[in-house]
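# Give the three-dimensional model of this entry:
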Amino acid sequence: MMRSMFSGISGLRIHQTKMDVIGNNIANVNTTAFKASRVTFNEVFSQTLQGASGASAQTGRGGRNPMQVGLGANIASVDTLMTTGAAQRTDNPFDLMINGDGFFVVGDESGTYFTRAGAFRKDDEGNLVIPNGMKVKGWPAADDGTRIQRGAVVDIKLDNPENLTAAPAATTNLRIEGNVNLADGGNFATEEGGIPIQLKFYDTLGNLYSTNLTMRYDSTDTEKNWKIDIPDTLTLTDSAGNEYTLSNVGSVEGDPVVIEFDENGNLNKTNSSGNGIFTISQNGTADAEFDLSEDITAGNPVKAHLGPLTVDFSGLTQYNQKTNVDPLMGDANGLGAGREPGELTGYNIGADGIIIGQYSNGQQKMLGQVVIANFRNPAGLQKVGDNLFTTTPNSGEFDGIGEEPDLQGGVLEMSNVDLAKEFTEMITTQRGFQANSRIITSSDEMLQELVNLKR
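Residues are numbered from 1 along each chain as shown. As a prediction, this is how the structure comes out:
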């Protein structure tokens, strides 16, 4: 009889523990990336009243099973359920959700931790952090943000001094596209009329200049072609309206530049200068850039370099349509367009975890890459609060490098708590607790009856 009382007590204890776990699960039903727990029971050892015996030919009796009385129940395990929670859209670019397995790597001076909660933010020093201030770890960018350097994880810092601005680049390639109508060709011999072409380009400091060339038709030439005269001194106008005179200007392909069209109105590259390309450089020497602190003869010298400018006019046609010439920066692939200096204006994190910095001049630069850690036994990780886990001997170790993730941006992982399941568990746990308390009550009544036998 006394055994039943202690069995009932053990039942009360384990059901109380299970109710504690259920309560914690329900409390965290809206906690980002919370992983619910579950409790399993097992019986404790049993007292054997009589051992088993086999069949006997001597007595002619069959075998008998053992006779045992159990001594209660115990907690077998409290498991962390590592199933993935549902996605919650937030549209915050720093909110990330991991598709599949893995954990974000974070840490501080106390060590390295792991979390599924990707609610990141930037602190005042430009570090990528989680809500409790721990820094997110990943791979840094290298070579001025053109590639990611894989290796041991480091703290991701978004606002390094080199990331705050994007360097300017001098223009090296231009192209002239569109149609020229013969009626607008003017007269090359008398330098009258013609089609003005305004070229725009950047120097090495990101200053934007413009200059004007004129494309005229030369009816006196036996080939009847168009020509662009490259003057020895070229007037440049910057974006503030200041004018500079650039000296020692020439074309590598000769001066003037010859442009000839065939009978279909398409450019005849063979008979055109440079097969449709001419280069403006110092003295017409190949690869000779302009030193704006020396080559400018009028206007304040600029401590920058410019050019040489390679101009592709192979996109011109001579159809019987109105003149529509469009000078553009960059070659056919947009390369060599140059750019002004850029200011960091925003961030974008891709599905591969690479953080891209967006700049005011349209440039993009890699700032780092968020990585994830995978473990052989994720359920072996230990919760340490703040949605964080730490490794244990049964989880496996973090290799210090991590893996490339598969992420969803602007999305957070929700808690994986199933309320319907938790409420059902709550009912069965409550009834289990009541039943165990009834064991104690009934055992006490039986003891009372036993005591009353002596009256």
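# how far out from the middle of the chain is stretch 237-257?
A distance of 43 Å separates the centroid of the chain from that of stretch 237-257, by Cα atoms, centre = their mean, to the nearest Å.
# now what about that stretch, what contacts it?
Here stretch 237-257 makes contact (Cβ atoms under 8 Å, 6 or more residues apart in numbering) with 188, 207-211, 227-236, 273-274, 277-286, 290, 292, 295-300, 302, 306, 308, 313. To be clear about C-beta, it is placed using only N, CA and C from the backbone, and glycine gets the same treatment.
# Quote the end-to-end distance of that stretch.
One end of stretch 237-257 to the other measures 23 Å (Cα to Cα, to the nearest Å).
# Please identify the buried residues of it?
237, 244, 246-253, 255-257 (16 or more other Cβ atoms under 10 Å).
# can you check stretch 267-284 too?
In stretch 267-284, counting by 16+ other Cβ under 10 Å, buried: 267-268, 272-274, 276-282, 284.
# and it, average pLDDT?
Throughout stretch 267-284, pLDDT has a mean value of 88.
# Tell me how many other residues crowd residue 233.
12 (other Cβ atoms under 10 Å).
# Would you check how far apart it and residue 296 are?
When Cβ to Cβ, to the nearest Å is applied, the distance between residue 233 and residue 296 equals 10 Å.
# Residue 23 now?
Counting by Cβ to Cβ, the gap from residue 23 to residue 296 is 78 Å.
# More neighbours: which of the two?
residue 296 (18 against 12).
# Show the contacting residues for that one.
Contacts of residue 296 (Cβ under 8 Å, 6+ apart): 244-247, 302.
# That one bridge partners, please.
Beta bridges link residue 296 to residue 246, judged by DSSP bridges.
# before we move on, back to that, farthest-apart pair in the buried residues of stretch 267-284, please.
Across the buried residues of stretch 267-284, no pair lies farther apart than 268 and 282, at 29.2 Å, counting by Cβ to Cβ.
# picking up where we left off before, is it possible to get the buried residues of stretch 267-284 out as TSV so that each row also shows distance to residue 385 and secondary structure?
As requested, these are exported to TSV (distance: Cβ to Cβ, whole Å; DSSP: H, G, I helix; E, B strand; the rest coil):
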residue	distance to residue 385	secondary structure
267	71	strand
268	76	coil
272	74	coil
273	73	helix
274	70	helix
276	68	coil
277	66	strand
278	69	strand
279	66	strand
280	66	strand
281	66	strand
282	67	strand
284	72	coil
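# Is residue 69 bridged to anything, and to what?
Applying DSSP bridges, one finds that residue 69 bridges with residue 47.
# Burial check on it, number of neighbours?
The burial count for residue 69: 11, using other Cβ under 10 Å.
# Settle this for me: it is touching residue 45, isn't it.
No - counting by Cβ atoms under 8 Å, no contact exists between residue 69 and residue 45, whose distance comes to 10.5 Å.
# State the mean pLDDT of stretch 406-415.
Stretch 406-415 comes out at a mean pLDDT of 95.
# That one: which residues count as buried?
Quick answer for stretch 406-415 (16+ other Cβ under 10 Å): 407-415.
# ok now do residue 362, which residues does it touch?
Contacts of residue 362 by Cβ under 8 Å, 6+ apart are 339, 342.
# at 10 Å instead, please
Counting by Cβ atoms under 10 Å, 6 or more residues apart in numbering, residue 362 makes contact with 166, 337, 339-340, 342.
# Residue 265 now?
Counted by Cβ under 10 Å, 6+ apart, residue 265 has contacts 179-180, 182, 316-321.
# Buried members of those into ChimeraX, please.
Here is the ChimeraX command that selects the buried residues among the contacts of residue 265 (16+ other Cβ under 10 Å):
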select :179,180,316,318
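# hmm, which two among the contacts of residue 265 are most spread apart?
Farthest pair in those, by Cβ to Cβ: 316 and 320, 14.5 Å.
# Tell me if I am right that residue 423 is in a strand.
No - using DSSP: H, G, I helix; E, B strand; the rest coil, the assignment for residue 423 is helix, not a strand.
# ok, it to residue 36 distance?
13 Å.
# and if you look at residue 237?
Residue 237 is 68 Å from residue 36, by Cβ to Cβ.
# Excluding chain neighbours, give the residue nearest to residue 61 in space.
Leaving aside its chain neighbours, residue 61 sits nearest to residue 55 (7.0 Å; criterion: Cβ to Cβ, 6 or more residues apart in numbering).
# got the contact list for residue 324?
177-181, 195, 317.
# any idea how far it lies from residue 188?
Distance of residue 324 to residue 188, given as Cβ to Cβ: 21 Å.
# Find the centremost residue of this structure, please.
Centroid check for the chain by Cα atoms, centre = their mean gives residue 349 as the closest residue, at 2.4 Å.
# What would stretch 293-312 look like as PDB? C-alpha coordinates only.
What follows is stretch 293-312, C-alpha atoms only, in PDB (Å, rounded to 0.1, in the frame of the first residue of the first chain):
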ATOM      1  CA  SER A 293      46.800  69.700 -63.700                       C
ATOM      2  CA  GLU A 294      49.000  70.300 -66.800                       C
ATOM      3  CA  ASP A 295      46.900  70.000 -70.000                       C
ATOM      4  CA  ILE A 296      44.300  72.600 -69.000                       C
ATOM      5  CA  THR A 297      45.300  75.900 -70.500                       C
ATOM      6  CA  ALA A 298      42.300  77.900 -69.400                       C
ATOM      7  CA  GLY A 299      40.400  77.500 -66.100                       C
ATOM      8  CA  ASN A 300      41.700  76.200 -62.800                       C
ATOM      9  CA  PRO A 301      43.800  73.100 -63.000                       C
ATOM     10  CA  VAL A 302      42.200  70.000 -61.600                       C
ATOM     11  CA  LYS A 303      44.300  67.300 -59.900                       C
ATOM     12  CA  ALA A 304      42.800  64.500 -61.900                       C
ATOM     13  CA  HIS A 305      43.400  62.500 -65.000                       C
ATOM     14  CA  LEU A 306      41.000  62.000 -67.900                       C
ATOM     15  CA  GLY A 307      40.700  59.600 -70.800                       C
ATOM     16  CA  PRO A 308      41.800  58.500 -73.200                       C
ATOM     17  CA  LEU A 309      38.200  58.300 -74.500                       C
ATOM     18  CA  THR A 310      37.400  55.500 -76.900                       C
ATOM     19  CA  VAL A 311      34.300  56.500 -78.900                       C
ATOM     20  CA  ASP A 312      32.300  53.800 -80.700                       C
END
